[in-house]
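[1] Fold the following, please.
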Amino acid sequence: MELGCGDGLLTEQLRDRGVDPITIDRMPPTAGTIAAVVGDAIELPLCREQIDLVVAGNLLRQMWPLPEGAPVPDGWRDALAPAGCLYVFEDEPLSEPPAARHYRDLQAFLARLLPETRRPLLPLATFRRACAGSPGAAGWSFGLVDNGWPVDRQDVLVWLARPDLCAGQEAARLVAAIAADGCSYGRFWWARWSGEDLPR
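    A predicted model of the protein is given here:
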């Protein structure tokens, strides 16, 4: 099951690796998603303990912080079959190279400009602290990976130039920086939870 599937970029990667997920998004296909199920990722419209793999890419930050400091919504782990696992992926670019810094700055800018639909990037260190204080903490493992997925510089520049954004000087600075150096995801972190990893 892929939560917050959006336009299906991660879904394609999963299918290339032999996984054909149930795709869930709160926005319907008429809004540009590939959702097979329209629903809320917090209140999953599925039965408990039936899913072998739950994947959430760049979704968790849109919900952060969660009630009681939980690392993920309870329903994500509740949906897992006894031997199932949960993967969370989130972008976390460094300040170098400049193209990665521009992506990081772009995300921070969008979170300030559009707080109702965009949230700031979620650092791995912040997520790990939430995991450490949660039930099943020993079931988590983590890692950082370079993200070579291409960013279409021209698409970003066109989007930033939209007149309805009324974004001003900060957008102009980002446009100039991205036009000069490009834009790159830089890296992402992953977190995996499985009850199978817990001591018995």
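
[2] any idea how far Leu3 is from Arg118?
    17 Å (C-beta to C-beta, to the nearest Å). Yep, even glycine has a C-beta here, placed from its N, CA and C like the rest.

[3] Oh, that last question was meant for Asp25, not what I typed.
    From Asp25 to Arg118 the distance is 16 Å (C-beta to C-beta).

[4] neighbour count winner among those two?
    Taking other C-beta atoms under 10 Å, Asp25 and Arg118 do not tie; Asp25 has more neighbours (25 against 15).

[5] and that one, bridged to which residues?
    Val38 (DSSP bridges).

[6] Verify the stated contact: it with Ala35.
    Yes: between Asp25 and Ala35 there is a contact at 3.8 Å, judged by C-beta atoms under 8 Å.

[7] any residues in contact with both of the two?
    The contact sets of Asp25 and Ala35 overlap at Cys5 (C-beta atoms under 8 Å, 6 or more residues apart in numbering).

[8] CA atoms only for the helix or strand hosting Cys131, dumped as PDB, please.
    Take DSSP states H and E as the rule and Cys131 turns out to sit in helix 124-132. In PDB, the C-alpha atoms belonging to helix 124-132 read as follows (Å, rounded to 0.1, in the frame of the first residue of the first chain):
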ATOM      1  CA  LEU A 124      15.900  12.400  10.100                       C
ATOM      2  CA  ALA A 125      17.200  13.500  13.600                       C
ATOM      3  CA  THR A 126      13.800  14.900  14.500                       C
ATOM      4  CA  PHE A 127      12.000  11.700  13.300                       C
ATOM      5  CA  ARG A 128      14.500   9.500  15.200                       C
ATOM      6  CA  ARG A 129      13.800  11.300  18.500                       C
ATOM      7  CA  ALA A 130      10.100  10.700  18.000                       C
ATOM      8  CA  CYS A 131      10.800   7.000  17.300                       C
ATOM      9  CA  ALA A 132      13.000   6.600  20.400                       C
END
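
[9] need the next SSE after the lengthiest strand in the chain, C-terminal direction.
    Counting by DSSP state E, the longest strand found in the chain is strand 80-91. Counting by DSSP H and E, the next helix or strand C-terminal to strand 80-91 is helix 98-113.

[10] Only alpha carbons, please: show that next one as PDB.
    Extracted in PDB, the C-alpha atoms of helix 98-113 (Å, rounded to 0.1, in the frame of the first residue of the first chain):
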ATOM      1  CA  PRO A  98      24.400  24.500  -4.400                       C
ATOM      2  CA  ALA A  99      21.700  22.700  -6.400                       C
ATOM      3  CA  ALA A 100      20.700  20.700  -3.400                       C
ATOM      4  CA  ARG A 101      20.700  23.800  -1.200                       C
ATOM      5  CA  HIS A 102      18.400  25.500  -3.700                       C
ATOM      6  CA  TYR A 103      15.900  22.600  -3.400                       C
ATOM      7  CA  ARG A 104      16.100  22.800   0.400                       C
ATOM      8  CA  ASP A 105      15.500  26.600   0.300                       C
ATOM      9  CA  LEU A 106      12.700  26.100  -2.200                       C
ATOM     10  CA  GLN A 107      10.900  23.700   0.200                       C
ATOM     11  CA  ALA A 108      11.300  26.100   3.100                       C
ATOM     12  CA  PHE A 109      10.000  28.900   1.000                       C
ATOM     13  CA  LEU A 110       6.900  27.000  -0.100                       C
ATOM     14  CA  ALA A 111       6.200  26.000   3.500                       C
ATOM     15  CA  ARG A 112       6.100  29.600   4.400                       C
ATOM     16  CA  LEU A 113       4.200  30.700   1.300                       C
END
